[in-house]
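>>> any chance you can model this:
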Amino acid sequence: MILLNDVEMSDVPLQFPHSSNLRRGSTGDDEEEYEYGDAEIRDGSDVRAGAYISTFSTSIVSTNKNSESYRFEPSFLKWEATAVEVPENWEFKIPKYCRNDTIKDFAENDANKNGKVIVHFHMQHNAGTEFYAAIKQFVPCATRACWQTTKHCLVSYNEQIEAENLRQNYKQHGVQYVSYELMLPPKFSLPFVSEAARDGLYFTTIVRDPFRRFLTYLRRTNKGGRVDGPNGHFWRDFREKQDMYAGDNLNVRWLSGARGAITKDHVNIAKCRLQLFDLVILDVFFDNALRSVLCPINGWVGKEYCNSDSEVEEHKSNKADPLEGVDKSLVGAWVERLRPSFEVYDYAKLLSLKQLKEQGATDLPAVSEVPLYMETMGKYAGTDVATQQFKDIPKVNLRNIHLFDPPVEFCNEMKIIWRNGGDSVPDVYGIGAIKQSWTPTSPRSDIVKFMDPRMQSANKNR
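As a prediction, the model looks like this:
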C-alpha cells in the first residue's frame, strides 16, 4: 500500500497532473476551503504556473563538432511510418451503413444541405460508438469510423483540402457525421485551425476517465487471464514502441502521436488539440452535451437523445472485475503510469464545463474538483490521501483553468504546423486506413501484431 500521510508536498513530484512547472507563493487572504471526505482542502489560488515553454520549429539547424550544419526535428514531432501507396481506384464510396433512399432524398433537396457536419475524434473505448448510435438517427449518412480507403477522410495533410473533402462528401452524399478513429500524426491538423477550413464543420471529441477506459481495455483483451500474471498487460505493454491500441495512455497517444515515452510536449500537444474542438464532451456530460448543444445545432428533435423527457439508461458492464485479486501496489503502479492521461482528463473537464456553459447547457451534474489521479489512487490502490497533499495543489475548477492551460507559445507553434501542412496523403495506420500494418523502426516486430478486430475487414467496401 502506498501511504501519503507523512509525505511533505515538497517531496511529491508535480510534473503531472500539471504539465507547467508550478511555483508556490504565499497564502492569499481569499483562500477558499472545501471538503474531501474528512480532509480540509485548500483552494490553491496561491499556486501559479511557471513559464514552461517549449519553443521549436519544424526544422532546427544545428552544428556538429566539425562545423557542419544539419537539420533535425524535435522528437515529439517525428512520425515514424512508411509511405502510403494510394490505390489506383481511390475514390469515394458510400459508407456501409448508409441507406441509399435516405441519401437520395437528401441529394434532391438543397434545403437539407445547410446543417453542420459533425466531425468527431473517437478515441477507442471513449463512448464513441454510443455517440455514433445517437447521431446516426438524425443525419442522412454517418461513418462509425471514416475510411481513408474510400475517401471518407484522411486525404491530405493540408487542412483546406481535407476540409473540402468532408464538405463535398456531405453536399453530394449526405455524410453529416464523420468519425476519425485512429492515432493522429503530430503534424496532422484535427481539429482544423483556420476559419476557412472550419467553415460548416463542428468538431467534437469525448474524453473518458482514463482508468475506467483502461479497465474496459483489460476486460476486452485479457480474456480471462490474470492482469498481474507473467504475460499480463503491465509487463507486455511497457515497451519502447507502443501498439496502436495499447492500454497505456491511449488518449494522450492518440491526441499527440506519441508511440514511445510520453513527455510534457506530448501532453501539451494533446491539450493544444483539445482547445481547438468546438465541444469537448466529458464522459459524465454525455447526455447534457447531446440534448443541450448538439441537438439544437441542427434542429434535431425527438427520439431517445433529443427528447428532454426521456432518460438514457447508463450502460453497466456485467463482466468480471479485471483487478480482482491483483496486488494493490501493482494497481497503484498502473495508475501512476496513466498519470499523463489524468492530466489531460482534468483539463478536458475544464474545457467541457466552459464550452457547455457557453453554448447553453444547463443542469450539468456536479463533478469533483479533486485531481482525478489522486481520487483514483484512493479508490483503486488503497492510498490514504491526507490534507497535506492538497495544500499546494489547485482545485480542478474554472477559477484555476489557467494553471492547467498549455503554454500559449507552444500551442501557437503547433497551430502554425497544423495550418500549413503540405498536400500529401496522411501516413496513418488504424481503422479504415490504406495501410494495413505499421512497420516499426524497432526490431521488436511483435509489438505491433495486435490488430483491432474491425481491421480484419479493411478491404471490404465501407
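>>> dump the helix or strand hosting residue 347 to PDB, keeping only the CA atoms.
Element membership of residue 347 [criterion: DSSP states H and E] is helix 339-358. Included here for helix 339-358 are C-alpha records, laid out as PDB according to Å, rounded to 0.1, in the frame of the first residue of the first chain:
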ATOM      1  CA  ARG A 339      -0.700  10.000 -14.900                       C
ATOM      2  CA  PRO A 340      -0.300  11.900 -18.200                       C
ATOM      3  CA  SER A 341      -3.900  10.800 -19.200                       C
ATOM      4  CA  PHE A 342      -5.200  12.000 -15.800                       C
ATOM      5  CA  GLU A 343      -3.600  15.400 -16.500                       C
ATOM      6  CA  VAL A 344      -5.400  15.600 -19.900                       C
ATOM      7  CA  TYR A 345      -8.700  14.400 -18.400                       C
ATOM      8  CA  ASP A 346      -8.600  17.200 -15.700                       C
ATOM      9  CA  TYR A 347      -8.000  19.700 -18.500                       C
ATOM     10  CA  ALA A 348     -10.800  18.200 -20.600                       C
ATOM     11  CA  LYS A 349     -13.100  18.600 -17.700                       C
ATOM     12  CA  LEU A 350     -12.500  22.300 -17.500                       C
ATOM     13  CA  LEU A 351     -12.800  22.800 -21.300                       C
ATOM     14  CA  SER A 352     -16.000  20.800 -21.300                       C
ATOM     15  CA  LEU A 353     -17.500  22.800 -18.400                       C
ATOM     16  CA  LYS A 354     -16.600  26.100 -20.100                       C
ATOM     17  CA  GLN A 355     -17.800  25.200 -23.600                       C
ATOM     18  CA  LEU A 356     -21.100  23.600 -22.400                       C
ATOM     19  CA  LYS A 357     -22.000  26.600 -20.300                       C
ATOM     20  CA  GLU A 358     -21.100  29.000 -23.200                       C
END
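>>> what comes up buried for the helix or strand that that helix is followed by?
Sequence order places helix 372-380 as the next helix or strand after helix 339-358, per DSSP H and E. Neighbour-count burial for helix 372-380 flags 372, 373, 374, 375, 376, 377, 378, 380 (criterion: 16 or more other C-beta atoms under 10 Å). Any C-beta I mention is one placed from the backbone N, CA and C, and that applies to glycine too.
>>> got a pLDDT number for the second one?
At residue 373 the predicted local confidence, pLDDT, stands at 92.
>>> that one contacts residue 341, correct?
No: the criterion here is C-beta atoms under 8 Å, and residue 373 misses it with residue 341 at 9.1 Å.
>>> show me where the stretch 201-350 of the chain has its strands.
Per DSSP state E, counting those that start in this stretch, the stretch 201-350 of the chain carries strands over the ranges 201-207, 279-282.
>>> now tell me what touches the first one from outside.
Going back to what we said before, that points to strand 201-207. Residues outside strand 201-207 that contact it (C-beta atoms under 8 Å, 6 or more residues apart in numbering) are 116-123, 126-128, 131, 163, 166-167, 190-192, 251, 274, 276-283, 286, 289, 294, 297, 344-345, 348-349, 352.
>>> repeat for the shortest one
Here strand 279-282 makes contact (C-beta under 8 Å, 6+ apart) with 131, 202-207, 274, 289, 293-294, 348-349, 351-353, 355-356, 359, 367.
>>> which residue packs closest to residue 263, ignoring adjacent ones?
Spatial nearest neighbour of residue 263, chain neighbours left out: residue 76 (6.2 Å); criterion: C-beta to C-beta, 6 or more residues apart in numbering.
>>> secondary structure class for the one you found?
Classification of residue 76 by DSSP: H, G, I helix; E, B strand; the rest coil places it in helix.
>>> so how many other residues sit close to it?
Around residue 76 there are 21 other residues, counting by other C-beta atoms under 10 Å.
>>> pretty sure it contacts residue 265?
Yes: using C-beta under 8 Å as the test, residue 76 is close enough to residue 265 to be in contact (4.0 Å).
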